[in-house]
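In: Sequence first, predicted model second:
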Amino acid sequence: MSAGQGAAARTVNAPEQVKELSDVPSFPAIYAAALDPRSRLGGKRGKGGKGGGAETLPSIAYRVRKVRIDAERARDFDHLMGGPATDLVHPGVLHVLAFPVSLALMARRDFPFPLLGLVHLRNQVLQHRPVKVGDLVDVECRVRDLRPHRKGRTFEAVSTILGEDGEIIATDVSTYLVKGGKPAAAEPSGTAPSSAASSSAASSSTPSSGAVPSGAASSAASAGATGVDAATSVGGRSRRDFEPPQPTGRWVLGADTGRRYGAVSGDVNPIHLSAVTAKAFGFPSAIAHGMYTASRAFTEARVDLSKPLRWDVTFDAPVTLPGSVLVAFEDDPSVGTARCVGWKPARGEKGPRRCFEVEVTTLGR
């Protein structure tokens, strides 16, 4: 076998295993796993996966069966986002349902990167049919598509929501950045969604068959406070190119916004809860959860939850708490798309700064 063949053989992914969990993991258990000193790389793993071990994602999926969509949680989530409680479930509820399962997978001892410090760049939910309050679903989570990025590495955490008969109801793809390390010059930047995710979204015009310190699994907005260069957001888009549209509204967010979202979602990352806890992890103030802003924009877009949909989110900069953010909504009925962009207005010598962008597309119209 030649050296080249040997290298190729070593990069072949092992067959995926599926581990059945008896219940959705608790956040305290996830914290403990992330900081476990007995881990191969432990809670002190270096940037970009340094500290020993190859940068290979584990070939394992976590599955939790028969998870009930809790009526109280769904109601509280709807109300927090400013909408009425309905029998149809907000896709943000599906995200927070799967989130601790996904985090538990990334807190494994053989996961090559530290859970503490992951940056949430993008999120995409592809929902094939409506989900009702009280439904029983299975949740599967896996990681894939490790690739170079100009600021380190990115990978996808994929959560699949299935019906009791195995039907795929929804797929939630979260793209994370691991900061540190430099890709080879010939490698792509990795800022675009994976080909798998893109082809899945493109082929779905008709339906087919968020919590640990130091910004772990927080939005790119969270990381925006920790050393991203002034000209470019973590998501790779130029800040200088951003020209805000005419605002259609202003969100005024209280200091308790992170605590209120944490109470409903279970995502009690200290950087979102208060200025005191955020400062303990290097942030000048608390910041809003990225999926809070994304979910609120979804609600205010008045999406028809009875139809299949795709929900795309890109995070760029932090929404500090307490604080305010300007938003602009734009509908395109011809293609069934609603868009929202949120930004901080210009202040002094600082120009406007985009915080997030949301697009919701109704499919199979």
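Out: Nice, I can see it. Numbers count the residues shown, from 1 in each chain.

In: going forward, measure contacts and count neighbours with C-alpha atoms only.
Out: Will do.

In: surely Ser159 meets Gln127?
Out: No. Taking contacts as CA atoms under 8 Å, Ser159 lies outside contact range of Gln127: 11.7 Å.

In: any common contacting residues for the two?
Out: Overlap of the contact sets of Ser159 and Gln127 (by CA atoms under 8 Å, 6 or more residues apart in numbering) consists of Thr171.

In: and stretch 100-111, how far out from the chain's middle?
Out: Shown here is stretch 100-111, whose average C-alpha point lies 14 Å from the average C-alpha point of the whole chain (CA atoms, centre = their mean, to the nearest Å).

In: mind checking the end-to-end distance for it?
Out: 16 Å (CA to CA, to the nearest Å).

In: ditto for stretch 301-316
Out: With CA to CA as the measure, the ends of stretch 301-316 fall 20 Å from one another.

In: Now do that stretch, average pLDDT.
Out: pLDDT averaged over stretch 301-316 equals 96, rounded to a whole number.

In: Equivalent analysis for stretch 259-276, please.
Out: The predicted model gives stretch 259-276 an average pLDDT of 90.

In: Also stretch 132-144?
Out: On average, the pLDDT along stretch 132-144 is 97.

In: Buried ones in it, by neighbour count?
Out: 132-134, 136-144 (16 or more other CA atoms under 10 Å).

In: May I see those arranged in CSV, with distance to Val24 and secondary structure as well?
Out: Written out in CSV, the entries for the buried residues of stretch 132-144 read as follows (distance: CA to CA, whole Å; DSSP: H, G, I helix; E, B strand; the rest coil):
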residue, distance to Val24, secondary structure
Lys132, 19, strand
Val133, 18, coil
Gly134, 16, coil
Leu136, 13, strand
Val137, 12, strand
Asp138, 11, strand
Val139, 9, strand
Glu140, 11, strand
Cys141, 11, strand
Arg142, 15, strand
Val143, 17, strand
Arg144, 21, strand
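
In: Do a quick rundown of the strands in the stretch 201-350 of the chain.
Out: Using DSSP state E, counting those that start in this stretch, the strands of the stretch 201-350 of the chain run over 218-219, 249-253, 286-287, 309-315, 320-321, 323-332, 337-344.

In: which one of these is the most hemmed in?
Out: Among these, strand 218-219 has the highest mean neighbour count (mean count of other CA atoms under 10 Å), at a mean of 31.

In: Can you name the residues that contact Val139?
Out: Contacts for Val139 (CA under 8 Å, 6+ apart) come out as 63-65, 67, 98, 159-162.

In: what pairs with it across the strands?
Out: Beta-bridge partners for Val139, by DSSP bridges, are Val64, Ile161.

In: worst average pLDDT in the strands of the stretch 201-350 of the chain?
Out: For those, the stretch scoring lowest in mean pLDDT is strand 218-219; its value is a mean of 53.

In: all helices for the stretch 51-200 of the chain, in order.
Out: Residue ranges of the helices in the stretch 51-200 of the chain, as given by DSSP state H, counting those that start in this stretch, are 71-80, 91-106, 195-202.

In: Redo the ones you listed as a markdown table? Include distance to Ala328 and mean pLDDT.
Out: Formatted as a markdown table, the helices of the stretch 51-200 of the chain follow (distance: least, CA to CA, whole Å; pLDDT from 0 to 100):
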| stretch | distance to Ala328 | mean pLDDT |
| --- | --- | --- |
| helix 71-80 | 20 | 97 |
| helix 91-106 | 20 | 96 |
| helix 195-202 | 25 | 40 |
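
In: Among these, which comes closest to Gln246?
Out: helix 71-80 (25.7 Å; CA to CA).

In: Name the surrounding residues that touch that closest one.
Out: Contacts of helix 71-80 from elsewhere in the structure, counted by CA under 8 Å, 6+ apart, are 84-86, 89-90, 93, 133-134, 260-261, 264-265.

In: Closest one of those residues to Pro333?
Out: Distance to Pro333, by CA to CA, is smallest for His90 among the contacts of helix 71-80, at 20.9 Å.

In: coming back round to it: relative to Ala29, which of the strands of the stretch 201-350 of the chain is closest?
Out: strand 218-219 (18.1 Å).

In: Quick check: bridge partners of Glu156?
Out: Partner residues in beta bridges with Glu156, using DSSP bridges, are Arg144, Thr175.

In: quick one on the thing from earlier: just the buried subset of the contacts of helix 71-80, written out for PyMOL, thanks.
Out: Isolation of the buried members of those (16+ other CA under 10 Å) is achieved in PyMOL through the command below:
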select buried, resi 85+89+90+93+133+134+260+261+264+265
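
In: For the contacts of helix 71-80, name the two members farthest from one another.
Out: Taking CA to CA, no two of the contacts of helix 71-80 sit farther apart than Gly134 and Arg260, at 22.7 Å.

In: so where is the stretch 101-250 of the chain shaky, pLDDT-wise?
Out: Low-confidence segments of the stretch 101-250 of the chain, defined by pLDDT under 70, are located at 181-240.

In: how near is Thr257 to Ala278?
Out: 14 Å.

In: Retrieve the pLDDT associated with Val335.
Out: Looking at Val335, its pLDDT is 89.

In: give me phi/psi at it?
Out: Val335 adopts backbone torsions of phi -120, psi 0, taken as degrees, to the nearest 10.

In: Could you number the chain from 788 rather than 1 from now on?
Out: All right, first residue 788 from here; so that's Val1122.

In: residues contacting it?
Out: For Val1122, the contacting residues are 1148-1149, by CA under 8 Å, 6+ apart.

In: Repeat that for Lys806.
Out: The contact partners of Lys806, taken as CA under 8 Å, 6+ apart, are 847-850.

In: Most neighbours among the residues you listed, please name it.
Out: Arg850 (24 neighbours; other CA atoms under 10 Å).
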